[in-house]
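# got a predicted model here, sequence first, then my questions.
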Amino acid sequence: MASRADLAGLTWRAEDGAVRRTRGGDMGTGTSTKTIEWLGDAVRLIDQTQLPRKLVYKETHDYRDIAESIRRLEVRGAPAIGVAAAMGIALAALEHQALGLSRFRTEVASAAEFLDSTRPTAVNLGWAVARMLEVLRDPAVGDSGEVVRRLIAEALAIYEEDRELSRRIGEHGASLIDDGDGVLTHCNAGGLATAEYGTALAVIFAAVEQGKKIRVFVDETRPLLQGARLTAWEFQQKGIDVTLLCDSAAASAMARGWVTKVVVGADRIARNGDVANKIGTFPLALAAWEHGVPFYVAAPSSTLDGSLESGAQIPIEERDGSEVTDIQGVRVAPPGVSVYNPAFDITPSRLVTAIVTDAGVFRAPYEETLFRGRWGLEA
Ligand code: MRU
């Protein structure tokens, strides 16, 4: 049983069992890391807000902490927040396991709703919550104990499936990358954004593993610098050279002929192939279009949302203005300035060359190719 401490409601435990915030190795030492992990009665995740300066793990038995971690982007990236929410629901089930079945179901469903409300754009979150709710509501189960066991098993299945989907995305996507390519990515769609390996980064990792000689570029990704902090770190951990550039330098790198392919992840893909991804993806796609550079999107099938006709229906999260007025806790803008801080944008499908999923590489018209046979669409 994990030792517990109540630090503002959070449980922290060091590797040696002492109660405090857990800390991994120094950065750049190749420390083996798991983005998120189920520990039997607790969840441990990397606090990504602290990377790459410190590798710090957060460990908790409380689903409310998981919700907070998702909100604060301690765990982030569409597939990873789906996994985190599923594990959070499993924690809620453990917390309420002594209740009778009806009360138990009500409490766990309310925890699920709370977790689902943390971030609106990535559909993986709602997708994972819906899977867990289906298990919770299965009329065939006898008692709360049985539901708890099945909910834990479902959360672990979501985790394991995500690892497998990432590998398959890498295999399919690597075929799009050629020797000599300069590949640019935006934000972080790597192992930190998934259970393991990644989506857009899986494509690049797999191409490198196949021996292709490529040059990798990453946008810093304002305002929260996921590219500079997380993606650059992930490439370094794997010993892959990466060139970091300001978001606004991407078009110039294309004009010089350095960038020959763009690969990004996605938070939600609508039926017509419109893609929601980190803010700055749309201008990148426009620049790629102008320079004739192929623009690829890599995502697991859990990121597809065939219930939405187009990207116009995708809810876009707007975050606190301090993320723009301040950089790493230091105020850079004058007091009183108004801020517009959308966390995501929509790239119209006409700018997307192909979408890579665990099932293969798909091209427009996406409703026919990618969504056929799903969401009630004809097979
Ligand atoms: O706000 P974030 O860091 O959660 O945004 C993440 C992204 O936009 C990723 O590109 C996307 O989730 C794909 S992750 C495989």
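Here it is on my side, so go on.
# quick one: the strands in the stretch 51-200 of the chain?
All strands of the stretch 51-200 of the chain, identified by DSSP state E, counting those that start in this stretch, fall at 56-60, 182-185.
# and those: which comes nearest the ligand?
Proximity to the ligand (CB to the nearest ligand atom) singles out strand 182-185 among these, at 8.7 Å. To be clear about C-beta, it is placed using only N, CA and C from the backbone, and glycine gets the same treatment.
# what mean pLDDT would you report for that closest one?
What strand 182-185 shows for mean pLDDT is 98.
# distance from the next helix or strand after that strand to the middle of the chain?
Next along the chain after strand 182-185, taking DSSP states H and E as the criterion, comes helix 200-209. Remark: helix 200-209 is offset 17 Å from the chain centroid, using CA atoms, centre = their mean, to the nearest Å.
# give me the contact list for the helix or strand following helix 200-209.
Counting by DSSP H and E, the next helix or strand C-terminal to helix 200-209 is strand 215-219. Strand 215-219 has contacts (CB atoms under 8 Å, 6 or more residues apart in numbering) with 181-187, 204, 227-228, 231-232, 235, 240-247, 250, 253, 258-259, 280, 284.
# re earlier: pipe the strands of the stretch 51-200 of the chain into CSV and attach mean neighbour count and distance to L304 per row.
CSV is the format used below for the strands of the stretch 51-200 of the chain (neighbours: other CB atoms under 10 Å; distance: least, CB to CB, whole Å):
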stretch, mean neighbour count, distance to L304
strand 56-60, 22, 30
strand 182-185, 25, 20
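# mind giving me TSV with those strands and columns for distance to the ligand?
As requested, the strands of the stretch 51-200 of the chain are exported to TSV (distance: least, CB to the nearest ligand atom, whole Å):
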stretch	distance to the ligand
strand 56-60	16
strand 182-185	9
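# could those go into a markdown table alongside distance to V337?
Shown next, in a markdown table, are these (distance: least, CB to CB, whole Å):
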| stretch | distance to V337 |
| --- | --- |
| strand 56-60 | 32 |
| strand 182-185 | 31 |
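# between those strands, which one is nearest to R163?
Among those, the nearest to R163 by CB to CB is strand 56-60 (18.9 Å).
# the residue of the chain found nearest the ligand: what's it in contact with?
The chain approaches the ligand most closely through G265 (2.8 Å), counting by CB to the nearest ligand atom. Contact partners of G265, counting by CB under 8 Å, 6+ apart, are 77-78, 187-189, 193, 198-200, 277-278, 297-299.
# related to what we said a few turns ago, which of the contacts of strand 215-219 fall within helices?
Among the contacts of strand 215-219, DSSP state H puts 204, 232, 235, 250, 253, 284 in helices.
# re earlier: what's the burial count for the residue lying closest to the residue of the chain closest to the ligand once chain neighbours are set aside?
Nearest non-adjacent residue to G265, counting by CB to CB, 6 or more residues apart in numbering: A189, 2.8 Å away. Neighbourhood size, A189 [other CB atoms under 10 Å]: 35.
# gap between A189 and V203?
9 Å (CB to CB, to the nearest Å).
# need the residues of this structure near the ligand, please.
Residues of the chain that fall close to the ligand, judged by CB under 6 Å from any ligand atom: 73, 76-79, 122, 187, 189, 193-194, 198-199, 226, 265-267, 277-278, 343.
# quick one: the helices in the stretch 1-150 of the chain?
Using DSSP state H, counting those that start in this stretch, the helices of the stretch 1-150 of the chain run over 63-71, 78-95, 101-116, 123-136, 144-174.
# for the last one, enumerate the helices and strands it packs against.
Contacts of helix 144-174 with other secondary structure elements, assessed using 3 or more CB pairs under 8 Å, 6 or more residues apart in numbering; DSSP states H and E, are made with strand 36-38, helix 78-95, helix 101-116, helix 123-136, helix 200-209, strand 295-298, strand 354-357, strand 360-362.
# and the angle from the third one to helix 123-136?
Using axes from the mean of the first three to the mean of the last three CA atoms, to 10 degrees, the direction of helix 101-116 lies 180 degrees away from that of helix 123-136.
# by contact count, what packs against helix 101-116?
Partner elements for helix 101-116 (3+ CB pairs under 8 Å, 6+ apart): helix 63-71, helix 78-95, helix 123-136, helix 144-174.
# contacting residues around that helix?
Under the criterion CB under 8 Å, 6+ apart, residues 63-64, 66-67, 70, 85, 88-89, 92-93, 95-97, 99, 125-126, 129, 132-133, 136-137, 141, 143-144, 147, 151 lie in contact with helix 101-116.
# rerun at 6 Å
Residues outside helix 101-116 that contact it (CB atoms under 6 Å, 6 or more residues apart in numbering) are 63, 67, 85, 88-89, 92-93, 96, 126, 129, 133, 136, 143-144.
# check the last one too.
Around strand 360-362, the neighbours that count as contacts under CB under 6 Å, 6+ apart are 172, 354-355, 369-370.
# farthest-separated two in these?
The two members of the contacts of strand 360-362 with the most space between them (CB to CB) are H172 and T369, at 13.5 Å.
# picking that back up, now for the residue nearest to G265: which residues touch it?
A189 makes contact with 198-201, 265, according to CB under 6 Å, 6+ apart.
# could I get these as CSV with distance to G40?
Shown next, in CSV, are these (distance: CB to CB, whole Å):
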residue, distance to G40
G198, 26
T199, 28
A200, 32
L201, 29
G265, 30
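# in ChimeraX, how would I select the buried members of these?
Buried members of the contacts of A189, defined by 16 or more other CB atoms under 10 Å, are picked up in ChimeraX with:
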select :198,199,200,201,265
